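S.K.: got a predicted model here, sequence first, then my questions.
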Amino acid sequence: MDKKEIMLVCAAGMSTSLLVNKMNKAAEEKGLYAKIFAVPVHEATEYLKDHTVDVVLLGPQVRYLLDEFQETLASHSIPVEVIPMTDYGMMRGDKVLALAESLMG
């Protein structure tokens, strides 16, 4: 099975890194082989110039960038979505992982 790459984009990366840990735990429990990582907005566009990911999830604090990311990544067929505020706030790694999986198909 191919390793899935899930990128979370946030303002600074502090709270999102906690969510990454919860998502990694959920992925491990499901037997999903995934690289899950978080980057601040200013690093995301640079990273995406040289790397391909399977899905991009935006933290609620940067939801205003959704249209911009969708436009940029449409030609690469990379899905982009905003993490629901309740799942982000409650650090529901399993729910956010399920969102990523549904977007990847």
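M.R.: Cool, got the structure. Residues are numbered from 1 along each chain as shown.
S.K.: which helix is the longest one in the protein?
M.R.: If each helix of the chain is counted by residues according to DSSP state H, the longest one is helix 14-30.
S.K.: can you give the contact residues for that one?
M.R.: If you take Cβ atoms under 8 Å, 6 or more residues apart in numbering as the criterion, helix 14-30 is touched by 6, 8, 10, 33-34, 36-38, 59, 83, 88, 91-94, 96-97, 100. For glycine as for every other residue, the C-beta is placed from the backbone atoms N, C-alpha and C.
S.K.: try it again at 7 Å.
M.R.: Here helix 14-30 makes contact (Cβ atoms under 7 Å, 6 or more residues apart in numbering) with 8, 10, 34, 36-38, 59, 88, 91, 93-94, 96-97.
S.K.: next one: stretch 63-81
M.R.: 41, 52-53, 55-58, 82, 99, 103.
S.K.: what about Arg92, how many neighbours?
M.R.: Arg92: 19 surrounding residues under other Cβ atoms under 10 Å.
S.K.: show me where the chain has its strands.
M.R.: 4-10, 34-40, 55-58, 80-82 (DSSP state E).
S.K.: in its sheet, what does the second one sit against?
M.R.: Partner strands for strand 34-40, per DSSP bridges, with pairing direction: strand 4-10 (parallel).
S.K.: from the contacts of stretch 63-81, which two are the most distant?
M.R.: Thr52 and Val82 (20.9 Å; Cβ to Cβ).
S.K.: circling back: which of the contacts of stretch 63-81 tops the neighbour count?
M.R.: That'd be Leu57 among those, by other Cβ under 10 Å, with 27 neighbours.
S.K.: so, low pLDDT: which residues of this structure?
M.R.: 1, 13 (pLDDT under 70).
S.K.: list the buried ones in stretch 71-89?
M.R.: For stretch 71-89, burial by neighbour count (16 or more other Cβ atoms under 10 Å) applies to 72-73, 78-83, 87-88.
S.K.: spit out the contact partners of Ala100.
M.R.: Contacts of Ala100 (Cβ under 7 Å, 6+ apart): 6, 55, 57.
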